[in-house]
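Student: coordinates for the following, if possible.
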Amino acid sequence: MAVVNKQVPLFPLLLSNFIGTMGFSIVLPFLVFLVISFGGNSIVYGILAAIYPTFQLIGAPILGRWSDTFGRKTILLLSNGGTLIGWIVFLFALFLPVENLYSVNSVVVGSFVITLPLVVLFFARALDGITGGNVSVANAYLADVSSDKNRSKNFGKMAISSNLGFIVGPALAGILGGTVYKEILPVLAAVFISIIALAVVGFALKESKPKAAVVAIPVSEKNNIRKVFSFECKECYKAPNPANLKFKDIFKIKHIPYLLVLYFFVFLGFNVFYTSFPTHAVVGLKWSITEMGIFYSVLSGIMILVQGPVLRKALQKISEEKLVIVGSLILGANFVFFASYDVILIYGAAILLAIGNGLMWPSFMSILSKRAGTVSQGAVQGVASSFGSLASIIGLIIGGLLYNLIGATTFLISAGVIFLVFILSFQLLKIKSD
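Tutor: You can find the predicted model right below:
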């Protein structure tokens, strides 16, 4: 069996997650502007956004399994190193001449030009994606050091650290992107932030992977067990090797396939929104980089409030399963309001998004980690990331395509997907009783 390590401090992991999220989110306010200036449109933006999860789909399950075998810290170092190199390549793209390589003019996908800087940006995102096991391995790390009593609380802390990063990152982008250097300063900041994240993981983070402990059972007792039950229970005295876990083995774990389906649809609904909203903000709302930065910062600030004191109080009265149900209902409603061109309704939708996501996501991740168990935690989180990546690929591309065709009505598609999650999540109440 495995001995679960509950003594590892969370602060270095939370700090690393905060820094990593800040580095990622710092480009959110201006990435759509950058794509358009390099010759792209909403379709190109959606495809560029989908490159990361496409390659993460390949890398995350491998990194998740490696973390079960070689340890969480080693794989987090590898993943953060890939992120750093990716940002350096991204920075390099900003200094390349905008040379036209290929032009497209279509009724369906619109008009755009593939330029040299765009190609390099695609390569940078692919490089970051193939090593992008940060989230799945960090979730496995958190599960290693959590008990059933504090699991939801710890995942809430992880969500808060992410949202803090989403506050600081876009705010920095709004400030730095408003200078004469435009996108160069925010990307330089992302490079330095990635260096700091790598240093935190390397020097401050302790290994959390539970060490396998072989329970020695005397031969005589083993023989007695065989005689009584007429079979040999090897799992009683030999820990399974996580390196031998195959993709199909994950789906044999009870309730995991159903949870992965929910994981997929949550990511699908969100990523249709993630592609279409920046384009909507630029084209429909006529927002600047600074206004985009303010929006993302406000959204993340509300999420911190929800995932902190609000979530803690909610968990005292409501089960995790019911919080997923309530949260998904609120999330579905918020995407309906995003279809508006009224700024007040847009910020009202942001409040609903923060409340719904703040209640649902930490609760869902806690349920998933409980069902994953100790030995296969990294593998399950890796496969879950692959499901999220697959949904992201589909959602990001479809979101860009749909917004190009039907505009703000695209947000109703996101609402429909999340309402489906709401309906499917009632099954969680039955799982709880198992």
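Student: just confirm Ser111 is within a helix.
Tutor: No: under DSSP: H, G, I helix; E, B strand; the rest coil, Ser111 sits outside any helix and is assigned strand.
Student: pLDDT value on it, please?
Tutor: Ser111 carries a pLDDT value of 83.
Student: bridged to it, which residues?
Tutor: Asn105 (DSSP bridges).
Student: surely it meets Val44?
Tutor: No: the criterion here is C-beta atoms under 8 Å, and Ser111 misses it with Val44 at 10.6 Å. (Each C-beta comes from the backbone N, C-alpha and C, glycine too.)
Student: so for those two, which sits in the more crowded spot?
Tutor: Using other C-beta atoms under 10 Å, the more surrounded residue of Ser111 and Val44 is Val44, with 25 against 12.
Student: and the more buried one, which of the three is it?
Tutor: Strictly by three-state DSSP, Val44 counts as helix.
Student: thought Val35 was touching it, still the case?
Tutor: Yes: using C-beta under 8 Å, Val44 is in contact with Val35, at 5.7 Å.
Student: need the overlap of contacts for the two.
Tutor: Leu118 (C-beta atoms under 8 Å, 6 or more residues apart in numbering).
Student: can you give me the strands in this structure?
Tutor: 2-3, 100-106, 110-115, 211-212 (DSSP state E).
Student: buried set for the longest one?
Tutor: Right, strand 100-106. By neighbour count with 16 or more other C-beta atoms under 10 Å, strand 100-106 contains no buried residues.
Student: ok, and the closest non-adjacent residue to the residue most central in space within the chain?
Tutor: Among the residues of the chain, the one closest to the centroid is Val135, at 5.9 Å (C-alpha atoms, centre = their mean). Leaving aside its chain neighbours, Val135 sits nearest to Ser385 (6.1 Å; criterion: C-beta to C-beta, 6 or more residues apart in numbering).
Student: and for Ala354?
Tutor: Leaving aside its sequence neighbours, Ala354 sits nearest to Ile302 (C-beta to C-beta, 6+ apart; 3.6 Å).
Student: ok, that neighbour - contacts?
Tutor: Residues near Ile302 by C-beta under 8 Å, 6+ apart: 350-351, 354-355, 358.
Student: who wins on neighbours among those residues?
Tutor: Neighbour tally across the contacts of Ile302 (other C-beta under 10 Å): the maximum, 28 neighbours, falls on Gly358.
Student: return the distance of Ile355 relative to Thr179.
Tutor: Between Ile355 and Thr179 the computed distance is 35 Å (C-beta to C-beta, to the nearest Å).
Student: and Thr359, how far is that from Leu429?
Tutor: I think there's a mix-up here, since residue 359 is Leu and not Thr. For Leu359, the distance to Leu429 equals 16 Å [C-beta to C-beta].
Student: more neighbours: those two, which one.
Tutor: Counted by other C-beta under 10 Å, Leu359 and Leu429 do not tie: Leu359 has more neighbours, with 29 against 13.
Student: just to check, the more buried one is in contact with Ile330?
Tutor: Yes: if you go by C-beta under 8 Å, Leu359 and Ile330 touch, sitting 7.3 Å apart.
Student: sketch out the low-pLDDT regions of this protein for me.
Tutor: For the chain, the stretches flagged by pLDDT under 70 are 1-8, 132-133, 209-247, 307, 374-375, 433-434.
Student: 50 instead, please
Tutor: Along the chain, segments meeting pLDDT under 50 span 1-4, 212-243.
Student: burial count for Ala143?
Tutor: Residues near Ala143, counting by other C-beta under 10 Å, number 27.
Student: excluding its backbone neighbours, what's nearest it?
Tutor: Counting by C-beta to C-beta, 6+ apart, the residue nearest Ala143 is Ser369, at 4.0 Å.
Student: distance of the residue nearest to Ala354 relative to Ala314?
Tutor: Distance, Ile302 to Ala314, by C-beta to C-beta: 15 Å.
Student: then Val421?
Tutor: From Val421 across to Ala314, the span is 19 Å (C-beta to C-beta).
Student: who's more crowded, these two?
Tutor: Val421 (25 against 21).
Student: list the contacts of that one.
Tutor: Val421 touches 262, 265-266, 269, 328, 331-332, counting by C-beta under 8 Å, 6+ apart.
Student: can you do 7 Å?
Tutor: The contact partners of Val421, taken as C-beta atoms under 7 Å, 6 or more residues apart in numbering, are 262, 265-266, 269, 328.
Student: buried ones among those?
Tutor: Counted by 16+ other C-beta under 10 Å, the contacts of Val421 give 262, 265-266, 269, 328 as buried.
Student: which of the residues you listed lies closest to Leu116?
Tutor: Gly269 (34.5 Å; C-beta to C-beta).
Student: my guess is that closest one meets Leu420, correct?
Tutor: No: if you go by C-beta atoms under 7 Å, Gly269 and Leu420 don't touch, sitting 8.1 Å apart.
Student: wait, doesn't Ser425 sit right on Val326?
Tutor: No: the criterion here is C-beta under 7 Å, and Ser425 misses it with Val326 at 9.4 Å.
Student: quick one, which of those two is more surrounded?
Tutor: Ser425 (23 against 18).
Student: list phi and psi for that one.
Tutor: Per-residue torsions, Ser425: phi -70, psi -10 (degrees, to the nearest 10).
Student: next one: it from Leu91, what distance?
Tutor: Ser425 is 42 Å from Leu91, by C-beta to C-beta.
Student: thanks again, I'm all set now.
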